[in-house]
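Novice: any chance you could fold what I've pasted below:
(one chain, ligands or ions: 1)
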Amino acid sequence: MLSEVSKTKKEDNILNSTLSMMKQAIEFAELSPDVYEHLKTPMRFVEVAIPVEMDDGSTKVFTGYRSQHNNVYGPFKGGLRYHWDVTADSLKALSMWMTLKCSLVGVPFGGGKGAIVCDPLKMSDRERERLTRSYVRSLGTILGPEIDIPAPDLFTDAQVMAWMADEYSANVREPSFGVVTGKPLAVGGCVGRNEATGRGAFFVTREAARAYRIPLEKSRIVIQGFGNVGSNAAKMFHDEGCPIIGVGDISGAIFDKDGIDVGKLTAHVKETGNVKDFPGAEPISNEDLLALDCDILIPAALENQITGSNADAVKAKVIVEAANGPTTPEADKILKDKKILVVPDILSNSGGVTVSYFEWVQNNYGFSWDLNTVNTHLEDKMVSAFNSVYSYFCEKCVDSDMRTGAYMYSIKRLAEAMQYRGWLHNGMYT
Ligand code: NAD
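Specialist: So this is what the prediction gives:
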């Protein structure tokens, strides 16, 4: 049964905690309360009816959404997910995180997020294609390479993006592939996009280790999640010589104090679908994984993993949030008391949107970069973002945490743009 948008307590919390983080950051940075007025709600939140002809000839009308949070910094940008459990509030929060992420890393986009309430696993490829094309037609003129640029998210992929680019191009009567990113290479995709988030998380971790004078090559790493982000980050750490002593996924977790061979684990996951039963490693629970004695813990699976009830058991010196929202506000307080550095998600996983930006730039000027150019630009952006946020955090947030510092830094940049654009009538500061 397909669910309608409903408010659940969990998702309300994502929106509420994002709003209170933004409010606190605005106060700490002594920015005008008018900045919060602009950021507290999406500039546009649309619900659309999406009629689709099903394979049996019947018509089904799906419900779709697009949250366009804020475009002071550039066109709205953010994923499109196909999922049965979608709420208005979670989409709003996710679009806010995109606004903060783009501003933080200096990518000239605003924040957006979209979804269609459906069960994509029960649909044929042709039905998903008709659903995708109908969604693009329903959104009409609020999409566009200079307006709003979707990307893959849960249960959407490069093929879905190619259908979107094709439908949009047909509607505007010219090839216009920059309307989406995360496309196949054959239709304007970017080399290195697939690995970009994991690669970006590696660069951020390396900089965090430098800042904390932790020798990276000797650091014992634990990674929760071995999908796109976790496995690509794991490969980078493995190549650097770091012992990866624990890896977990939905099937459970594994531990090897001497370090797991990432190449062999990748082959095992390809063959069996998950990390469970990897030969030579000790099986452990996901709870034990998060509590392993290690130097760096990288949550790269899903939200709400480090909570008020397990944060006290964490022994890592640094947590790098490759996933979106893996640490709850209660856990943040405990980790701060334990003096564990949490490198926040809006910084750690911004490598994906950064390379999406490179894809859009290449589409706009009709030229393709090679992998080395993409990776070099990505490294520059991530290193510069980490160091800017870290210096700002050290300067302003002595008594605070890096998440607050990152929010302050990002929102200050948004406030500057708002001020120049004439959106703040009493200036950007209180
Ligand atoms: P993915 O679907 O490729 O991989 C998810 C991994 O998490 C899998 O290994 C899965 O088994 C594991 N997992 C799922 N449920 C789990 C559970 N209950 N306990 C432990 N492990 C579990 O997803 P991904 O693209 O790697 O994304 C991971 C996270 O990174 C998400 O929070 C996503 O929002 C975030 N993120 C991804 C990108 C990107 O470019 N892919 C960009 C920014 C943020």
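Novice: Ile50 in helix, strand or coil?
Specialist: Following DSSP: H, G, I helix; E, B strand; the rest coil, Ile50 is assigned to strand.
Novice: what about it, how many neighbours?
Specialist: Neighbour count of Ile50, defined by other Cβ atoms under 10 Å: 22. Using the backbone N, CA and C atoms, a C-beta is placed for each residue, glycine as well.
Novice: what's the nearest residue to Leu347 if we skip its chain neighbours?
Specialist: Leaving aside its chain neighbours, Leu347 sits nearest to Ala406 (5.2 Å; criterion: Cβ to Cβ, 6 or more residues apart in numbering).
Novice: secondary structure element holding that neighbour?
Specialist: helix 402-421 (DSSP states H and E).
Novice: still on that earlier bit, the residue nearest to Leu347 reaches Tyr390, doesn't it?
Specialist: No - the pair Ala406 / Tyr390 is not scored as a contact, 9.4 Å apart, by Cβ atoms under 8 Å.
Novice: of the two, which one has the most company?
Specialist: Ala406 (30 against 23).
Novice: residues touching that one, list them.
Specialist: Listed by Cβ atoms under 8 Å, 6 or more residues apart in numbering, the contact set of Ala406 reads 100, 104, 344, 346-347, 389, 393.
Novice: so what's the residue count around the residue in the chain positioned nearest to the ligand?
Specialist: Ranked by Cβ to the nearest ligand atom, the top residue of the chain for proximity to the ligand is Gly227, at 1.8 Å. Neighbour count of Gly227, defined by other Cβ under 10 Å: 15.
Novice: over to Arg44?
Specialist: The burial count for Arg44: 15, using other Cβ under 10 Å.
Novice: returning to what we had before: is it true that the residue of the chain closest to the ligand touches Ile250?
Specialist: No - assessed by Cβ under 8 Å, Gly227 is found out of contact with Ile250, at 9.2 Å.
Novice: quick one: the strands in the stretch 101-250 of the chain, in order.
Specialist: Taking DSSP state E, counting those that start in this stretch, the strands of the stretch 101-250 of the chain run over residues 110-117, 148-152, 221-224, 244-249.
Novice: so the helix or strand following the last one, near the ligand or not?
Specialist: Using DSSP H and E, the next helix or strand after strand 244-249 towards the C-terminus is strand 252-255. No - where contact is defined by Cβ under 6 Å from any ligand atom, no part of strand 252-255 touches the ligand; the two come within 7.7 Å at best.
Novice: strand 252-255 pairs with which strands?
Specialist: strand 244-249 (antiparallel), strand 282-284 (antiparallel) (DSSP bridges).
Novice: show me which residues of the biggest helix by length in the chain are buried.
Specialist: If you go by DSSP state H, the chain has its longest helix at helix 371-396. Neighbour-count burial for helix 371-396 flags 374-375, 377-379, 381-382, 385-386, 388-390, 392-393, 396 (criterion: 16 or more other Cβ atoms under 10 Å).
Novice: end-to-end on stretch 288-301?
Specialist: Chord length of stretch 288-301, first to last residue, is 16 Å (Cα to Cα, to the nearest Å).
Novice: tally of neighbours for the closest residue to Pro215 other than its chain neighbours?
Specialist: Closest residue to Pro215 apart from its sequence neighbours, by Cβ to Cβ, 6+ apart: Ala209 at 7.3 Å. When counting by other Cβ under 10 Å, one arrives at 21 neighbours for Ala209.
Novice: from what I can see Ala209 touches Ala316, true?
Specialist: No - applying Cβ under 8 Å as the test, Ala209 and Ala316 come out as separate, 11.8 Å apart.
Novice: what is in contact with the two at once?
Specialist: Joint contacts of Ala209 and Ala316 (Cβ under 8 Å, 6+ apart) are Ile296.
Novice: and the longest strand belonging to the chain, which residues are buried?
Specialist: If you go by DSSP state E, the chain has its longest strand at strand 59-70. Residues of strand 59-70 classed as buried: 60, 62-70 (neighbour count, 16+ other Cβ under 10 Å).
Novice: and the angle from that strand to strand 110-117?
Specialist: Interaxial angle, strand 59-70 versus strand 110-117 (axes from the mean of the first three to the mean of the last three Cα atoms, to 10 degrees): 160 degrees.
Novice: after strand 59-70, which helix or strand is next?
Specialist: Past strand 59-70, the next helix or strand by DSSP H and E is strand 76-83.
Novice: paired strands for that next one, with orientation please.
Specialist: Strand 76-83 has its sheet partners listed here by DSSP bridges as strand 110-117 (parallel), strand 148-152 (parallel).
Novice: need the contact partners of that strand.
Specialist: So strand 76-83 is contacted by 67-69, 94-95, 98, 102, 107, 109-118, 120, 128, 131, 135, 147-156, 160, 164, 181, 353, 356-357 (Cβ under 8 Å, 6+ apart).
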